[in-house]
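sequence below, structure please.
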Amino acid sequence: MIAWFAQVPLVVLTAAVFLALYLAVVLILVMLLVVRRGHDATLGPLSPGLMAPLGLIFGLLVGFLVADVWADRARAASAVSQEASALRDIDLLAGAFPASQPQVRQLLREQIDNYVATEWPQMSAGQATLVVAPAQLVQAHSLVLSLPIATDGQRVAQNQLVETIDRATGGSARAWR
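Numbers count the residues shown, from 1 in each chain. You can find the predicted model right below:
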């Protein structure tokens, strides 16, 4: 049921919510008309007095649900930005090793293609599974560790590359380092 909310267009979702609310109000009004017959004196102030608290409860419920969705969306956007930034940093730091830079770029290109062609469609369909570490980033990690170090600058670049690959994998690189 929840997956339906994530996949339905906003216009259809809005129409469904308004239709449900409209039907609920009509049902309440019909119930009040049926129940009030003969009991006007006892139910008179009660029924209008209940509508404001019910509206408040509904508003709070919708507000909390929306706040939760916004928080999840913000965390997801932050994770995507962090990973994209790490992949860019890997590409920039690989420039310190001109001989192996094409290999690193090819691995990054394959990883990004994998994200676009496989992972994103799976995530949008709700069928994605967690992977310990992306294969291309594991290969890039091995490649970076096997690079010959000629200068102190390359040593610093290699350390930064290892840390950046770790950041790109969301910390899962610690398990295979």
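
elements contacting the helix or strand residue 33 falls within?
Assigned by DSSP states H and E, residue 33 belongs to helix 10-36. Packing partners of helix 10-36 (3 or more C-beta pairs under 8 Å, 6 or more residues apart in numbering; DSSP states H and E): helix 40-43. No exception for glycine: its C-beta is placed from N, CA and C like everyone else's.

following the chain onward from the helix it packs on, which element is next?
Next helix or strand after helix 40-43 toward the C-terminus (DSSP H and E): helix 46-93.

so that next one versus helix 10-36, what angle?
Helix 46-93 runs at 160 degrees relative to helix 10-36, counting by axes from the mean of the first three to the mean of the last three C-alpha atoms, to 10 degrees.

report the distance from helix 46-93 to the chain centre.
With C-alpha atoms, centre = their mean, to the nearest Å as the basis, helix 46-93 stands 10 Å off its chain's centre.

and stretch 100-120, by the same measure?
Distance, centroid of stretch 100-120 to centroid of chain: 21 Å (C-alpha atoms, centre = their mean).

output that stretch in CSV with nothing but the alpha carbons.
The C-alpha coordinates for stretch 100-120 follow below in CSV (Å, rounded to 0.1, in the frame of the first residue of the first chain):
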residue,chain,number,x,y,z
SER,A,100,46.9,4.9,-14.5
GLN,A,101,44.5,7.8,-14.8
PRO,A,102,42.7,6.3,-17.9
GLN,A,103,42.2,3.0,-16.0
VAL,A,104,40.7,4.9,-13.0
ARG,A,105,38.5,7.0,-15.3
GLN,A,106,37.2,3.9,-17.1
LEU,A,107,36.4,2.2,-13.8
LEU,A,108,34.5,5.4,-12.6
ARG,A,109,32.7,5.5,-16.0
GLU,A,110,31.6,1.9,-15.6
GLN,A,111,30.5,2.5,-12.0
ILE,A,112,28.4,5.5,-13.0
ASP,A,113,26.9,3.6,-16.0
ASN,A,114,26.0,0.8,-13.5
TYR,A,115,24.3,3.3,-11.3
VAL,A,116,22.3,4.8,-14.1
ALA,A,117,21.4,1.6,-16.0
THR,A,118,20.9,-0.8,-13.1
GLU,A,119,20.7,0.7,-9.6
TRP,A,120,18.5,3.7,-10.3
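
I'd assumed residue 136 was in contact with residue 110.
Yes - the pair residue 110 / residue 136 is scored as a contact, 4.8 Å apart, by C-beta atoms under 8 Å.

those two - which one has more neighbours?
More crowded of residue 110 and residue 136, by other C-beta atoms under 10 Å: residue 136, with 19 against 16.
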